[in-house]
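Colleague: Have a look at this prediction, sequence included:
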There are 2 protein chains.
Amino acid sequence: MTYRSAEDYLADLEKRAVLPKGFRTATTNLTFVPKERPVKQPLPMRLNLLLLEEATAAFGGVFTRNAFPGAPVLLGKELLGEPMNRGVLVNNKIANVGGPHALEDAKELQADAATVFGLAASQLFVASTGVIGWSLPLQELKKALPELAQTMQSASALPLAQGIMTTDAWPKVRSRQLFGGRITAVAKGAGMIEPNMATMLVYILTDISLSRKSLREMLPRVVSKSFNSISIDSDQSTSDMALIWSSQRVACPDSVQFEQALEDLCRELAQDIVRNGEGSSHVLEVRVVGASDRAQAQVAGKAIVNSPLVKTALYGNDPNVGRVLASVGDAFGNLGLTLLPTAITLAIAGETVFEKGAFQLDPMKEERLSLAFSAAALPEKKAGFPPHENNVVFTLDLGQGEGAAVVWGSDLSYEYVRENADYRS
Amino acid sequence: MTYRSAEDYLADLEKRAVLPKGFRTATTNLTFVPKERPVKQPLPMRLNLLLLEEATAAFGGVFTRNAFPGAPVLLGKELLGEPMNRGVLVNNKIANVGGPHALEDAKELQADAATVFGLAASQLFVASTGVIGWSLPLQELKKALPELAQTMQSASALPLAQGIMTTDAWPKVRSRQLFGGRITAVAKGAGMIEPNMATMLVYILTDISLSRKSLREMLPRVVSKSFNSISIDSDQSTSDMALIWSSQRVACPDSVQFEQALEDLCRELAQDIVRNGEGSSHVLEVRVVGASDRAQAQVAGKAIVNSPLVKTALYGNDPNVGRVLASVGDAFGNLGLTLLPTAITLAIAGETVFEKGAFQLDPMKEERLSLAFSAAALPEKKAGFPPHENNVVFTLDLGQGEGAAVVWGSDLSYEYVRENADYRS
C-alpha cells in the first residue's frame, strides 16, 4: 500500500477499524502536573476504555518478561486466572512502574472504574504506557471516568487506536473478515520495541467464537511469529501486553483457518509498529533459513536487526554487508554456537553478497544495493501516515539445518536519538 | 586530568609513551583503491610494525569470541602455541574478514614481512582493523614493507598508537613505571566496542620479566576487569585482540604488584577507549554491588550501558531514571533471573533515586541530576584530545549478595549515527 496524506491513510484505517459485534470503546482527555519533574504547563493524557457488552470466558493475554514489570502487568497476570473478563482501561503518558504505591494506584483506578461502569473489578484489566518511575495522577484519572462513560461507541476501533498512542506518529489498526465475523486489532508502540512485548500494547478483538482454551493456545504461537519477532531498539519494556477477547457472537467452523488469519493480521500489525518506530527510516526484514532450529534462526535475525552498526549503515543507505555477518558472529560467539562460513549464503535486496566462504562484492553491486536501500526509505520525520510499506529484505541461509524465522527491525537515525534524548518533556 | 588542546594532550602522551627496553616500532603510509566499491580517489592506509629486539617466550593474547572471526584472529590463535614471538604487523582501514583468500592474504603478508625483517613467520602476529568484507591491497602492503624497515625507532610508542587509529579521534597510551622497568600499552578502538575485545587492538609491552605462564594467567583476569567491562555499541568485532609481551630485561620482585599495576593501567586505557567512542558525549560508569555473583553484576551493568534508551537520555542530559531499572529488568527477565525491587537501591551522581521498592524523585533532584550530567559532558565533535576525564556514575545495589562489577559505556548521540551511517567512504 502507498498513502499520499494522513487523510488518505485514515480513510483506509476507518474501513479496517470496524469493531466486531459485542465491543464498545471510549476515550477522553485530561491534563496533569507530574509530582516528579518541573514542567512549564500541565501535560496532556488520554484515558481509554475497551468494554465487551457481556463478560466473556474466552480471553487471554501475553505479558512482558521484564523482571521489573509495571503494576498493570502484575495485576494483569492475576486476572488471567479469573473466569470472566469485560475489557481494559488504558492510559498513556505514564507507565505506572516503580512509583510509590504503583500497585495500589492501579487497583484503586480499577475499582473506581468497576463502580462507574457497573462491573466486577476482577473483570477489568488496566494498562499504562509512558514514562517509567512517575506516579499516576490518580485524582485526575478518577475524575475522568464519568466523562468516559458518556463517550462509549460501538462503530470503530480507530478512537482507541489513537487514544493509546504515545510517541506513535499514526494509529495502527488491522483487521480480517471471515466466517461472517471479524478480527480487529489495534496496537501502540514506537520506541523500546523488542521481543517479548516490549512497550507495546496490542488489543485483539473478535466476535468469532473461540473457546478460552483455543485462544490461550493460539496466542503465544501467533505472538512468537509476529510481535516477538520485531525489534526497534532491543529494549523490552516493563509494561507491555497483548490481550485477546472473543465476544462469541459468530460460529467458528475452522479454528486452523482462524489462527492463520490471526497470524497474518498480527504480522501486519507488528510490521506497522516497526514502520512507525521512533525515527526509523527503513524497515528491515531478515529471513533466516538453514539454521539448526527456529530458535537459532531467531538469534541470528535478532542479532542483525539489533546491531547498531547494521542499523546506522542502513540509515545511510550504505550496504556495509560485512557488519551483517559480524553481528551474527558476535551473537553466536557469545552463545557458544558455531558458524560455518563456507555454508553461508547472504542475499540483500535480491543480490548475493556472501557465498562459498567469501564476500562477493563489486562496485556495480554496491551501487544497486544503495539504490535499493534508498527506494525503501521512509521519511525520518513522520508526517502522520506511512507513505509506503516497502521493506529492505536480507535473506541469510546458515546452511546448517531446517530452522527458519523471519524478524523485522528498523534502522537507527538522527531522529531516534532526538526523540529519546528527552522524551519526557 | 584536563586538557586544553591537542598539543597539551600529546605532550602528556609523549611522557607516557616511552617504550620499554627491547621494543621498537615503525609506521608507514600507503594508498589503495578497493576492488569492492567505487571511490573518487585512492584511500589512505597505514602499516605498523611492533618488534621485539629478541624473540621472547613470554607473550600471550586474548582474542574476540565472535564466531565470524577475521583471518588475523584465526592466525593469531595458532601463534599462541609457538614457543617464541617477535611482535605484530598491523594495518588499519581494512579488517581482512571474510574476503576471498583472507587467510591466504594474511599468511602471505606475514611471510613477506618475516623475510624483510629476518625472522620466522611463525613468530609474527598480523592484525587488521577497518572495513569487514573487503580484501587487503596485498601488493601495496608488500611494497610498503621495505620502507617500514627504514623507520624503526625505539623511543616512543606514540607513533604506533597513532598508526593503528581508524575513526579514533586521538591516540591512546597508558604506562606505569615499577621495579626500575615499565609497562606501556597502546589501544585502538572507537565504535563497535563491546565485551570480549570488540574492535579493539591492545598491545601491552613490558621490560619487566614475567614468565610466559604468569602472563597468560594474568591477562584474562585483567582483561575481564578492563577491556571486557566496556561497551560502546554492544557490537563485538570480528578482529580484535589484546596481546602482551615481556622483553624480560628487568627483574620482577613481586608479580602480585605487577598484576595490580597492569590492571590499573588497562582500566585507564579501557576508559580512554570509551571516552574516545564514536560520537560519545558522556562516559557512563556503572558500579553494581549486591549481586549474587560477579557475572550477575556484569549482566546488570552491561544491560544499563547497552540500553539505547538509557544512552539517548544520557546524551540529552535527561535523568530518565526509570529506563535504568527497566533495562536491568529486561536483561534479567530474558535470563530467568529475579529482581527484588524492595532490596534495590539506585544512586545517580550521588543522589538516591530508587530505594525501598519505589523511585524517590522530585523536581529539585531532577534539576541537580541534569546539571551533573551536563558537567560530565564531552564535546560530540572530537577535537583531537579529551578535554577531561569525568564520568557519570550510577551505583546500583541489587541487595541480593556479595557480587560486584564495574562497567563503562557511552551515550548515544547524533554524531554516533552520522559516523556510522557511512563509515567506509
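Modeller: Nice, thanks for sending it over.
Colleague: Each with direction, which strands does the longest strand along chain A pair with?
Modeller: For chain A, the strand reaching the highest residue count under DSSP state E is reported as strand A:43-56. The pairing partners recorded for strand A:43-56 under DSSP bridges are strand A:23-32 (antiparallel), strand A:85-91 (antiparallel).
Colleague: Give me the residues contacting the shortest one.
Modeller: Outside strand A:85-91, the residues within contact range by C-beta atoms under 8 Å, 6 or more residues apart in numbering or on different chains are A:45-52, A:55-57, A:59, A:79, A:109-110, A:113, A:117, A:119-120, A:123-130, A:136, A:141, A:163-164, A:201, A:203, A:243, A:245. All C-beta atoms are positioned from the backbone trio N, CA, C, and that covers glycine.
Colleague: Buried subset of those, written for ChimeraX?
Modeller: In ChimeraX, this line selects whichever of the contacts of strand A:85-91 come out buried by 16 or more other C-beta atoms under 10 Å in any protein chain shown:
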select /A:45,46,47,48,49,50,51,52,55,56,59,79,109,110,113,117,119,123,124,125,126,127,128,129,130,136,141,163,164,201,203,243,245
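Colleague: where does chain A dip in pLDDT?
Modeller: Scanning chain A with the threshold set as pLDDT under 70 gives A:190-198, A:232-236, A:278-279, A:414-416, A:418-425.
Colleague: list the buried ones in whichever helix in it runs longest?
Modeller: As assigned by DSSP state H, the longest helix anywhere in chain A is helix A:255-275. Neighbour counts using 16+ other C-beta under 10 Å place A:255, A:258-259, A:261-263, A:265-275 of helix A:255-275 among the buried residues.
Colleague: Look at A:S374 and say how many residues are nearby.
Modeller: Neighbour count for A:S374, taken as other C-beta atoms under 10 Å in any protein chain shown: 10.
Colleague: what's the closest non-adjacent residue to A:K35?
Modeller: Of all residues not flanking A:K35 in the chain, A:S135 sits nearest, at 6.1 Å (C-beta to C-beta, 6 or more residues apart in numbering or on different chains).
Colleague: Surely the one you found and A:P100 touch.
Modeller: Yes - contact criterion C-beta atoms under 8 Å: A:S135 and A:P100 qualify, at 6.5 Å.
Colleague: Compare these two and say which is more crowded by neighbours.
Modeller: Between A:S135 and A:P100, counted using other C-beta under 10 Å, the more crowded position is A:S135 (20 against 14).
Colleague: rewinding a little: if you compare the strands paired with strand A:43-56, which one is most tucked away?
Modeller: strand A:85-91 (a mean of 25; mean count of other C-beta atoms under 10 Å in any protein chain shown).
Colleague: ok, residues contacting the very next helix or strand once past that strand?
Modeller: Next along the chain after strand A:85-91, taking DSSP states H and E as the criterion, comes helix A:102-117. With contact meaning C-beta under 8 Å, 6+ apart, helix A:102-117 is reached by A:49, A:51, A:70-72, A:74-75, A:86, A:89, A:96, A:99, A:120-121, A:123-124, A:126, A:128, A:135-136, A:138, A:141-142, A:145-146, A:148-149, B:358.
Colleague: Narrow those residues to those in helices?
Modeller: A:71-72, A:74-75, A:138, A:141-142, A:145-146, A:148-149.
Colleague: Spell out the residue ranges of the helices in the stretch 151-300 of chain A.
Modeller: Counting by DSSP state H, counting those that start in this stretch, one finds helices in the stretch 151-300 of chain A at the ranges A:158-163, A:212-224, A:255-275, A:294-306.
Colleague: who wins for proximity to chain B among those helices?
Modeller: helix A:294-306 (7.8 Å; C-beta to the nearest C-beta).
Colleague: on that earlier part again, output the longest strand of chain A as CSV, nothing but the C-alphas.
Modeller: Below are the C-alpha coordinates for strand A:43-56, written out as CSV (Å, rounded to 0.1, in the frame of the first residue of the first chain):
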residue,chain,number,x,y,z
LEU,A,43,0.8,17.6,30.5
PRO,A,44,-1.9,16.1,28.4
MET,A,45,-3.0,12.5,29.0
ARG,A,46,-5.7,10.2,27.5
LEU,A,47,-7.8,7.6,29.2
ASN,A,48,-9.4,4.9,27.1
LEU,A,49,-11.8,2.1,27.8
LEU,A,50,-12.4,-1.0,25.8
LEU,A,51,-15.5,-2.9,27.0
LEU,A,52,-17.3,-6.1,26.0
GLU,A,53,-21.1,-5.8,26.2
GLU,A,54,-21.1,-9.0,28.1
ALA,A,55,-18.4,-10.7,30.1
THR,A,56,-16.6,-13.5,28.3
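Colleague: What is the subsequent helix or strand relative to that strand?
Modeller: strand A:59-63.
Colleague: What pairs with that next one, parallel or antiparallel?
Modeller: Strand pairing for strand A:59-63, using DSSP bridges, gives strand A:241-250 (antiparallel).
Colleague: What residues sit buried inside the partner strand?
Modeller: If you call a residue buried by 16+ other C-beta under 10 Å, then strand A:241-250 has these buried ones: A:241-250.
Colleague: how close does A:V33 get to B:P363?
Modeller: Going from A:V33 to B:P363 by C-beta to C-beta, to the nearest Å gives 10 Å.
Colleague: swap in A:E217?
Modeller: To B:P363, A:E217 is 49 Å away according to C-beta to C-beta.
Colleague: SS state for the residue nearest to A:V289 when sequence neighbours are not counted?
Modeller: The shortest distance from A:V289 to any non-neighbouring residue, by C-beta to C-beta, 6+ apart, is to A:A404 (4.6 Å). At A:A404, secondary structure determined by DSSP: H, G, I helix; E, B strand; the rest coil is strand.
Colleague: Counting neighbours, what do you get for A:A404?
Modeller: Around A:A404 there are 18 residues (other C-beta under 10 Å).
Colleague: surely it meets A:V288?
Modeller: Yes - because the distance of 6.3 Å satisfies C-beta under 8 Å, A:A404 is recorded as touching A:V288.
Colleague: Dead centre of chain A: give me the residue that sits there.
Modeller: The centroid of chain A falls nearest to A:M200 when counting by C-alpha atoms, centre = their mean (4.4 Å).
Colleague: Touching, that residue and A:F227? I think so.
Modeller: Yes - in this structure, A:M200 is within contact of A:F227 by C-beta under 8 Å, at 6.1 Å.
Colleague: follow-up on the earlier one: tell me the one of the buried residues of strand A:241-250 nearest B:R16?
Modeller: A:M241 (54.4 Å; C-beta to C-beta).
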